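Peer 1: Need coordinates for the following:
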Amino acid sequence: MKSVIRVAAAIGLGAVLLAAPAFAQDKEPAMTAQTAMGPVLTDEQGMTLYVFDRDTAGKSACNGACATNWPPLMAPASAKPMGKYTVVTRDDGSRQWAYDGKPLYTWAKDAKPGDTTGDGVNNVWHVAKP
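Peer 2: Below you'll find the predicted structure:
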């Protein structure tokens with residue numbers, strides 16, 4: 001009976017270990033895609049990422065309604081810097097990915113991957129370039 005319990009426990013532990021990579025950070029948080037504007041950074045769904053001129057290095061200035069229109073590229077609690085990607089803490093304590101010190105956002109009005117309609121909005125939003 002003890003050996004059956006040990007095998008069941010080992011199988012359960014194996015299932016947990018197999019699921020662990022889904023939570024592991026093994027790749028960069030953004031990808032590069034070719035658009036009409038040239039190469040840009042995108043999120044996992046292929047949506048263009050943007051930077052905001054009013055942000056300061058390592059600090060987002062886009063909160064509240066701004067963050068509704070420009071959703072931040074959120075980072076999980078376990079996220080760690082890699083290469084040019086860092087993590088910034090937002091005013092509400094959540095974490096956001098940044099590239100080269102600049103927090104990254106998507107644009108609510110981009111309808112499909114490859115859209116870059118947020119570039120130049122209010123002369124302060126720009127596509128994030130690799």
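
Peer 1: Check which element follows the helix or strand of the chain with the lowest mean pLDDT along the chain.
Peer 2: One helix or strand of the chain scores below all others by mean pLDDT, DSSP states H and E: helix 2-19, with a mean of 39. As assigned by DSSP states H and E, the chain's next helix or strand after helix 2-19 is strand 31-35.

Peer 1: Would you mind measuring the gap between the ends of stretch 52-69?
Peer 2: Length of stretch 52-69, first residue to last, CA to CA, to the nearest Å: 12 Å.

Peer 1: What residues of that stretch count as buried?
Peer 2: 52, 55, 60, 62, 67, 69 (16 or more other CB atoms under 10 Å). Where C-beta positions appear, they are placed from N, C-alpha and C, glycine not excepted.

Peer 1: same question, stretch 36-54
Peer 2: Residues 40-43, 47-52 are the ones in stretch 36-54 that count as buried (16+ other CB under 10 Å).

Peer 1: now do stretch 110-124
Peer 2: Buried-residue list, stretch 110-124, by 16+ other CB under 10 Å: 110, 114-116, 118-119.
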